[in-house]
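Participant: Here is the input, now give the coordinates:
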Amino acid sequence: MDDARSTWRSLVLPLAGLLVLVLLAAGLPAGLGAPGASPALAGPDDDDADEDGKEGDDEPPPDLGEKDVPFIEKVNEAIEKGTNWLLARGKIFEIPGARDEAQGAHYGFIQSKTLYGGGTGPGYPHPAGPTALALYTLLKCDVEPSHGVIERGFTWLKVRHRITQEWDMQGEFDPFTWTHTEAGSSYEISAMILALTAKYDQKKHTGTSRKKLRIRDKDDQEWLVELVEGLVDRRGSPDKDSPPADRLGWRYNMPRIQLGGGGGGRGRSVAGKTRSVNVPPHANQDLSSTQLAALALYNAHRFGVDVDPQIWLDIAEFTLSHQEETGPDHERHDPGLARGGYAAPKDQARGFMYIKGSPDRSEGKATGSMTACGIANLLMCQEVLANHRKTKRTF
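Facilitator: Modelled structure (predicted):
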């Protein structure tokens, strides 16, 4: 494994792992049909209380032993412990120059005893990503948006990681001063979009109960638009002359800042500083990054912040290109529709892969997790395009 690839994995995989924990703990974001959020943090004053305000049962339930405790109770207990852990781990501090001397909170210093994959070093140097995922998790686990940790976390993201015209992710109160080693990646921006939309939509909705969602705070609405634009700008190859097939999906896409205007990068120079693009190994696009970006764009779409439908067509094209061309014969799934007509043909089980054609065999092999990413992408593309005036006839 070369040094570049090792570096990329040490940076991005911890964030991807945290995302998995987020999805397991909080369910999929609103609109994707996940079960309801855990009631672990709710009080006992709603469903279990009788008209007099007393508990519905006269006696506490008997202790049946650990092996008989329902699985859902164990899940709720784990969610509650994880939520309390996150609430206690945010680093809270004053933000110099912020309006009203605001306080911020971030999760950039959470580290394990060893780095993912081995080795030593400072750990993941992109605190906006873990902070956004922590906020997303807390919100989806029923922590109120008005909670101090939630408010401080969003304050820190907005002050330190606001996208500006000149420099992506540059703090607006301290121009050209960086508090972390690299600028915002597509992963970080996707996570921030998920957190911001969760702030205004904590609950899950079925397809029949969805309502039109709104962000009533003008600054948050403008921030969401900025984040979506920044995410779209990071799509595919940084080379604007690259073929269209290289600009369909996303990878880590991390811009770098080089002090002194030193060359070597694809970018521009402002006040002696050059922004270049750090090209990851093996590809400028992968299915995992593309799925996270699609999930973020889908949530933004539900709040009325839409992108050109061609982007959704590109996501679908890129996703389908990462499905295996052949596979073992398998009986086609019967959804229980009316019988009759031609017999269902045999089908082939064909999974999805992380990077098609990668020299790393593990990246070019179909897996269950990447197949889940592929299916989710296609379902989101279908829903958005089926409701867009330019594409609804096709879908």
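Participant: which residues of the stretch 251-395 of the chain fall in strands?
Facilitator: 254-259, 268-270, 273-278, 329-331, 346-348, 352-353, 366-367 (DSSP state E, counting those that start in this stretch).
Participant: ugh, wrong one, the stretch 101-250 of the chain
Facilitator: Counting by DSSP E, counting those that start in this stretch, one finds strands in the stretch 101-250 of the chain at the ranges 103-106.
Participant: burial of Arg152, as a residue count?
Facilitator: The tally of other residues near Arg152 (other CB atoms under 10 Å) stands at 22. C-beta: built from backbone N, CA, C; applies to glycine.
Participant: ignore the last one, Ile72
Facilitator: Residues lying near Ile72 (other CB under 10 Å) number 11.
Participant: Am I right that it is in a strand?
Facilitator: No. Using DSSP: H, G, I helix; E, B strand; the rest coil, the assignment for Ile72 is helix, not a strand.
Participant: what's the closest residue to Gly357 other than its chain neighbours in contact with, if anything?
Facilitator: Excluding the flanking residues, the one nearest Gly357 by CB to CB, 6 or more residues apart in numbering is Gly364, at 6.1 Å. By CB atoms under 8 Å, 6 or more residues apart in numbering, the contact list for Gly364 reads Met353, Tyr354, Ile355, Lys356, Gly357, Ser358.
Participant: who's in contact with the third one?
Facilitator: Going back to what we said before, that points to Ile355. Applying CB under 8 Å, 6+ apart, we find Ile355 in contact with His282, Ala283, Gln285, Asp286, Leu287, His322, Glu363, Gly364.
Participant: can you tell me how far it sits from Met370?
Facilitator: Distance of Ile355 to Met370, given as CB to CB, to the nearest Å: 9 Å.
Participant: Determine the residues that are contacts of both of those two.
Facilitator: Common contact partners of Ile355 and Met370 (CB under 8 Å, 6+ apart): Leu287, His322.
Participant: so where's this protein uncertain?
Facilitator: 1-68, 94-102, 109-125, 164-183, 204-211, 238-240, 253-279, 334-344 (pLDDT under 70).
Participant: hmm, 50 instead?
Facilitator: 1-58, 166-182, 208-209, 259-271 (pLDDT under 50).
Participant: can you give me the helices for it?
Facilitator: With DSSP state H as the criterion, the chain has helices at 3-26, 71-89, 128-140, 148-160, 186-199, 218-233, 287-302, 309-321, 368-386.
Participant: Tell me the spatial nearest neighbour of Lys158, not counting adjacent residues.
Facilitator: Spatially, and ignoring its direct neighbours in sequence, Lys158 is nearest to Trp223 (6.4 Å; CB to CB, 6+ apart).
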